[in-house]
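Colleague: my questions concern the predicted model and sequence given below.
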Amino acid sequence: MSNDDAGSMQQLFALITRLRGENGCPWDREQKLDDVLSDLIEEAYELEWAGTHHGPGELLDEMGDVLFLLCFALSVRRESDPDFTLARVATHAHDKIKGRHPHVFGRETASTPEESIVHWEKSKAAERAKRGEGALEGVAGNLPPLRHAVKILDRAGSTGFDWDEIPPVIEKLREEIAELEHALASGERAAIEDETGDVLFAAANVARFLKIDADEALQRSTSKFIRRFELMEGMIRADGRRFEDMTLDEMDVYWERAKSS
């Protein structure tokens with residue numbers, strides 16, 4: 001870290017101390033750790049969006065928000081635990097990440113990203129075993145549901161509980177859809193909800209097995225739907241028509257036109 005970097009970090013922590021101080025900002029002073037972490041999650045999503053949809057200016061802005069909230073969270077924690085310092089956090093992160101790269105700092109080797117991931121997961125599994133944890137322990141339960149499902153499936157798969165090829169994964173999805181149709185025929189709401197969840201879980205596993213980011217794939221499909229719907233909406237408006245006066249079949253004609261545009 002350069003002197004400029006160190007000075008900027010000191011300046012940021014000094015700002016937070018001032019905001020949390022006796023004559024600081026009433027809102028900042030009342031923030032608890034849970035509040036800050038909740039804001040951090042939201043800002044992390046905004047950072048991800050900026051990184052994929054905007055230019056360097058927006059990326060700088062959102063990365064600054066994330067850095068500020070990380071420092072804010074550390075400062076709040078340090079108020080009740082003076083030993084919870086940036087140096088302690090950084091050293092812990094350094095040692096943990098270094099330990100998960102035996103192919104760089106140890107005797108293992110890796111020539112592909114896939115081989116690197118194997119070493120990473122083995123190191124994490126060894127850490128869990130040392131703590132007496134099972135394969136699925138330690139996965140954050142508050143992850144977005146789709147991401148949580150994929151993470152759980154990855155962990156389960158790391159034990160060998162996984163298929164070797166895609167056909168049975170697809171067949172499992174078909175099986176779950178059939179069970180949903182059976183539940184629909186029964187009319188039992190609880191069963192319908194359960195089977196709907198199973199369909200979504202099986203679909204997430206298809207994406208995982210194909211090494212497709214399920215969140216990104218769903219976001220692309222959602223964005224595609226938005227573009228087509230807005231185009232269809234414009235066509236309907238241009239023809240002087242309104243949704244409420246149209247049948248679904250009539251709307252579908254415009255939808256097909258939007259798809260082919």
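Modeller: Yep, it's here. Predicted, not measured: the structure shown is a model, and the values here were computed from it.
Colleague: domains of the chain?
Modeller: Split into domains by automatic domain parsing, the chain comes to 3-99, 103-133, 139-212, 216-260.
Colleague: in a markdown table: the ones you listed, plus mean neighbour count and mean pLDDT.
Modeller: In this view, the C-beta of every residue, glycine as well, is placed from N, C-alpha and C. Output for the domains of the chain, formatted as a markdown table (neighbours: other CB atoms under 10 Å; pLDDT from 0 to 100):
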| stretch | mean neighbour count | mean pLDDT |
| --- | --- | --- |
| domain 3-99 | 13 | 94 |
| domain 103-133 | 13 | 91 |
| domain 139-212 | 14 | 96 |
| domain 216-260 | 12 | 96 |
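Colleague: surely residue 85 and residue 78 touch.
Modeller: Yes. The criterion here is CB atoms under 8 Å, and residue 85 meets it with residue 78 at 6.6 Å.
Colleague: list of residues touching the helix or strand containing residue 205?
Modeller: Counting by DSSP states H and E, the element that carries residue 205 is helix 189-209. By CB atoms under 8 Å, 6 or more residues apart in numbering, the surrounding residues in contact with helix 189-209 are 146, 149-150, 153-154, 157, 163, 166, 169-170, 172-173, 175-177, 179-180, 182-184, 213-214, 217.
Colleague: likewise for stretch 101-118?
Modeller: Residues from elsewhere that reach stretch 101-118, judged by CB under 8 Å, 6+ apart: 98-99, 119-120, 123.
Colleague: does the closest residue to residue 17 other than its chain neighbours sit in a helix, a strand or a coil?
Modeller: Using CB to CB, 6 or more residues apart in numbering and skipping the chain neighbours, the partner closest in space to residue 17 is residue 75 (6.9 Å). Classification of residue 75 using DSSP: H, G, I helix; E, B strand; the rest coil returns helix.
Colleague: returning to what we had before: give the next helix or strand downstream of the helix holding residue 205.
Modeller: Using DSSP H and E, the next helix or strand after helix 189-209 towards the C-terminus is helix 214-238.
Colleague: angle of that following helix against helix 189-209?
Modeller: Helix 214-238 and helix 189-209 are oriented at 110 degrees to each other (axes from the mean of the first three to the mean of the last three CA atoms, to 10 degrees).
Colleague: what residues does helix 214-238 touch?
Modeller: By CB under 8 Å, 6+ apart, the surrounding residues in contact with helix 214-238 are 144, 146-147, 149-150, 203-204, 207-208, 242-243, 246, 251, 254-255, 257-259, 261.
Colleague: the helix or strand that comes right after that helix: how far from the chain's middle?
Modeller: Note on helix 214-238: by DSSP H and E, the next helix or strand toward the C-terminus is helix 248-260. In terms of CA atoms, centre = their mean, to the nearest Å, the centre of helix 248-260 is found 34 Å from the chain centre.
Colleague: what helices and strands are in contact with helix 248-260?
Modeller: If contacts are counted by 3 or more CB pairs under 8 Å, 6 or more residues apart in numbering; DSSP states H and E, helix 248-260 sits against helix 214-238.
Colleague: that's all I had, so thanks and see you.
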